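*Asks:* I would like to see how this sequence folds:
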Amino acid sequence: MRSTLSKLLRYGVTGGIAAIVDAGGFALLLAAGLAVAAAGTLSFCIAALVNYGLSSRFVFARSATPQGFVLFFVAALIGLSVNLGVTLAGVYLAGLVPIVAKIVGIGTAFLVNFALNLLIVFRPPAAAAKRPGMPE
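*Replies:* Numbering: from 1, shown residues only. Predicted coordinates:
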């Protein structure tokens, strides 16, 4: 349990750094003349690369690989969908102020992404198969 909490805290730090990269990149790309959708998509992708690199090394102590990034990116897209879904449901179904709904969406997606990364993307390798007659 302590290990999972430690990973969760480190994941919060790496996610915060990635959020700064996303928001900062978005602002820079907008200033460079990119359309909102293009800037948002590109900054999200750049932030996902940063987040994967940091999460691989500092949260889950793994080597970054192209295959791992693809799985991480799919999990990030699921998190993005959860974030948007919760935000929209909060605004249009629960009548929340949009910024409050967005904060709830971000928190929900953070937990979903952490669970996906812990249990799927960076799951521990399967224990070595025990061989009969081999010492444990």
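
*Asks:* Tell me where the model's unsure across this protein.
*Replies:* Along the chain, the model assigns pLDDT under 70 to residues 127-136.

*Asks:* quick one, helices of it?
*Replies:* Using DSSP state H, the helices of the chain run over residues 2-31, 36-54, 66-92, 98-116.

*Asks:* Can you add mean neighbour count and give these back as TSV?
*Replies:* Where you see a C-beta, it was placed from the backbone N, CA and C, and this is true even at glycine. Conversion of the helices of the chain to TSV gives the following (neighbours: other CB atoms under 10 Å):
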stretch	mean neighbour count
helix 2-31	14
helix 36-54	17
helix 66-92	16
helix 98-116	17
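
*Asks:* Tell me which of those lies nearest to Phe60.
*Replies:* For the helices of the chain, proximity to Phe60 was assessed by CB to CB; helix 2-31 is nearest, at 6.9 Å.

*Asks:* Show me what the closest one is packed against.
*Replies:* The elements that helix 2-31 packs onto, with contact taken as 3 or more CB pairs under 8 Å, 6 or more residues apart in numbering; DSSP states H and E, are helix 36-54, helix 98-116.

*Asks:* Ser6 is nearest to which of these?
*Replies:* Counting by CB to CB, Ser6 lies closest to helix 98-116 out of those; the figure is 12.2 Å.
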